[in-house]
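Engineer: below is the sequence, then the predicted model.
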Amino acid sequence: MPKIARELGALAVSRLSKPGSHAVGHVAGLALQISATGARSWILRVTVGDRRREIGLGAYPGVSLKEAQEKAQAKRDEIAAGIDPVLERRAAASRLRADQAMEVTFEEAAGRFIKAKSPEWSNPKHAKQWTNTLTEYAYPVIGPMQVRHVTRAHVVSILEPIWTEKTETASRVRGRVEQVLDWARVKGLRDDGVNPAAWRGNLDKVLSSPKKTKRVRNHPALPIMQMGDFMVTLRTTDGISARCLEFTILTVARSGESRFAQWPEIDLKKAIWTVPAERMKAKKEHRVPLSPAAVALLETLERNDKTDLIFPGPRTNAALSDMSLLAIMRKRQLEATPHGFRSTFRDWASEYTNYPRELAEVALAHLKGDATEAAYWRGDVLEKRRQMMVDWADFIAKPVKSNEAAPADEAG
């Protein structure tokens, strides 16, 4: 049993000032250590097994004499129970470092996976395709989440909204999420077990087979007669998602083209939006003549100095998700989808105007078909399209009365 020094009281301890170690009694090995600069701290000197240990208990007077005695006795009780406090502290620090090393988000894990695998992909665009699909569909749901915390429920929440409408895309997203999570498991960032994005014996129990899923080929469109009322409501709706949907409608673009639109693509003086080929379905650069209404909308937007995106997410500065635009429709209990406005535009062009069908097809950036339509693509007929977009913007700016006949002879 180690010798216990004469016990000092709180007042006596406060008067200690000589540099060195001063035993204070009450608990064997407890001392107040004073440095040459006058700094004072508590220390407990003990023998654990065959090791001599010096255990710090905190600075004085932040830790009072009574608190130091309680801490010292607790350490001695641990030692009596077969625990080395120093080894336990080192182990705790090691566990903390290990836990911190596991703090990798899904988006970070995906980025590291893509970087690691890119050299083996023959097509250099493959990495960009991975990034784009994960950015659009996975990151809004699990991007900021720790990769070790991703569960089947999270994966299902990514896939369900697009499983029947975009089955091929959804299958591709699922496979990519699965590979990222497998990489994370091998890297020690996830526990062993069933990959929550795996298909066989897992997601095949909650989602229909991709090969047998009936494709939804037609996107529900809003009837022409409802467009004016909807636009009045939309323009009174606050938020960047509402502005993005309004821009999508005015330009009859696909939602992905507008959600990822960037300011350098816009020429406000010429009122032209040039969508780069890599963001177009046909992989062909597409020029969109902007109506005065579209230009006015853009001029009301504040530019974000952290991104070139015209419609960045309010918190992430990343592109809006497809669901953010669809949510506006669902909130108003409308069955239509953002993509469906393209069908509404086509119906308007054929039923309410004399514009050639081919001109509307070029505006929609559809693949060229016969020789007549191909001629429109070669010339781009930008100014004719511009007048068509002005007429479209004017038409949807006001409600249509139900007794109005389609004025098929008013435009051409």
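Structural biologist: Looks like it arrived, so ask away. Not measured: the values here are computed from a predicted model.
Engineer: distance of L309 relative to I266?
Structural biologist: The spacing between L309 and I266, counted by Cβ to Cβ, to the nearest Å, is 12 Å. The C-beta positions use only the backbone N, C-alpha and C, and glycine is treated the same way.
Engineer: V381 now?
Structural biologist: V381 is 21 Å from I266, by Cβ to Cβ.
Engineer: just M329 next, same as before
Structural biologist: Distance from M329 to I266, by Cβ to Cβ: 26 Å.
Engineer: same check, this time on G20
Structural biologist: 74 Å.
Engineer: okay, the two: which has more neighbours?
Structural biologist: I266 (19 against 11; other Cβ atoms under 10 Å).
Engineer: just give me the neighbour total for I240.
Structural biologist: Neighbours of I240 (other Cβ under 10 Å): 18.
Engineer: the chain should start at 516 in everything you say after this.
Structural biologist: Okay, using 516 as the starting number, the last item reads as I755.
Engineer: surely it is in contact with R830?
Structural biologist: No: I755 lies out of contact with R830 (Cβ atoms under 8 Å); the separation is 10.6 Å.
Engineer: need the residues touching each of the two.
Structural biologist: Both I755 and R830 lack any common contact, where contact means Cβ atoms under 8 Å, 6 or more residues apart in numbering.
Engineer: in the stretch 716-865 of the chain, where is pLDDT below threshold?
Structural biologist: Applying pLDDT under 70 to the stretch 716-865 of the chain picks out residues 729-734.
Engineer: which residues of it fall in helices?
Structural biologist: 739-750, 755-766, 770-774, 807-814, 837-846, 855-866 (DSSP state H, counting those that start in this stretch).
Engineer: now those as JSON lines including distance to E873?
Structural biologist: Output for these, formatted as JSON lines (distance: least, Cβ to Cβ, whole Å):
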{"stretch": "helix 739-750", "distance to E873": "21"}
{"stretch": "helix 755-766", "distance to E873": "19"}
{"stretch": "helix 770-774", "distance to E873": "21"}
{"stretch": "helix 807-814", "distance to E873": "22"}
{"stretch": "helix 837-846", "distance to E873": "28"}
{"stretch": "helix 855-866", "distance to E873": "11"}
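Engineer: nearest to V695, of those?
Structural biologist: Closest approach to V695 among those is made by helix 837-846 (20.2 Å; Cβ to Cβ).
Engineer: residues in contact with that closest one: which ones?
Structural biologist: 651-652, 655, 676-677, 749, 752, 756-757, 759-760, 763, 770-771, 774, 828, 850-853.
Engineer: from E585, how far off is the residue of the chain most remote from its centre?
Structural biologist: For the chain, the residue at maximal distance from the C-alpha centroid (Cα atoms, centre = their mean) is R521, at 63.9 Å. Distance, R521 to E585, by Cβ to Cβ: 20 Å.
Engineer: same check on A595?
Structural biologist: 16 Å.
Engineer: okay, these two: which has more neighbours?
Structural biologist: E585 (14 against 8).
Engineer: which parts of the helix or strand where the more buried one lies are buried?
Structural biologist: Here E585, judged by DSSP states H and E, is contained in helix 580-595. Buried residues in helix 580-595, counted by 16 or more other Cβ atoms under 10 Å: L580, A583, Q584, K586, A587, K590, R591, I594.
Engineer: switch those residues over to JSON lines; also include distance to F745 and pLDDT.
Structural biologist: Compiled in JSON lines, those are given as follows (distance: Cβ to Cβ, whole Å; pLDDT from 0 to 100):
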{"residue": "L580", "distance to F745": "75", "pLDDT": "89"}
{"residue": "A583", "distance to F745": "72", "pLDDT": "86"}
{"residue": "Q584", "distance to F745": "75", "pLDDT": "87"}
{"residue": "K586", "distance to F745": "69", "pLDDT": "88"}
{"residue": "A587", "distance to F745": "74", "pLDDT": "86"}
{"residue": "K590", "distance to F745": "71", "pLDDT": "86"}
{"residue": "R591", "distance to F745": "76", "pLDDT": "86"}
{"residue": "I594", "distance to F745": "75", "pLDDT": "79"}
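Engineer: T815: which of those residues is nearest?
Structural biologist: T815 lies nearest to K586 out of the buried residues of helix 580-595, by Cβ to Cβ, at 63.0 Å.
Engineer: is it true that that closest one touches G573?
Structural biologist: Yes: assessed by Cβ under 8 Å, K586 is found in contact with G573 at 7.3 Å.
Engineer: overlap of the contact sets of the two?
Structural biologist: Shared contacts of K586 and G573 (Cβ under 8 Å, 6+ apart): W557.
Engineer: please, where are all the strands along the stretch 766-915 of the chain?
Structural biologist: Counting by DSSP state E, counting those that start in this stretch, the stretch 766-915 of the chain has strands at residues 781-782, 787-790, 801-804.
Engineer: got it, and the stretch 566-715 of the chain?
Structural biologist: 566-574.
Engineer: ok, so what distance separates I673 from R830?
Structural biologist: 19 Å.
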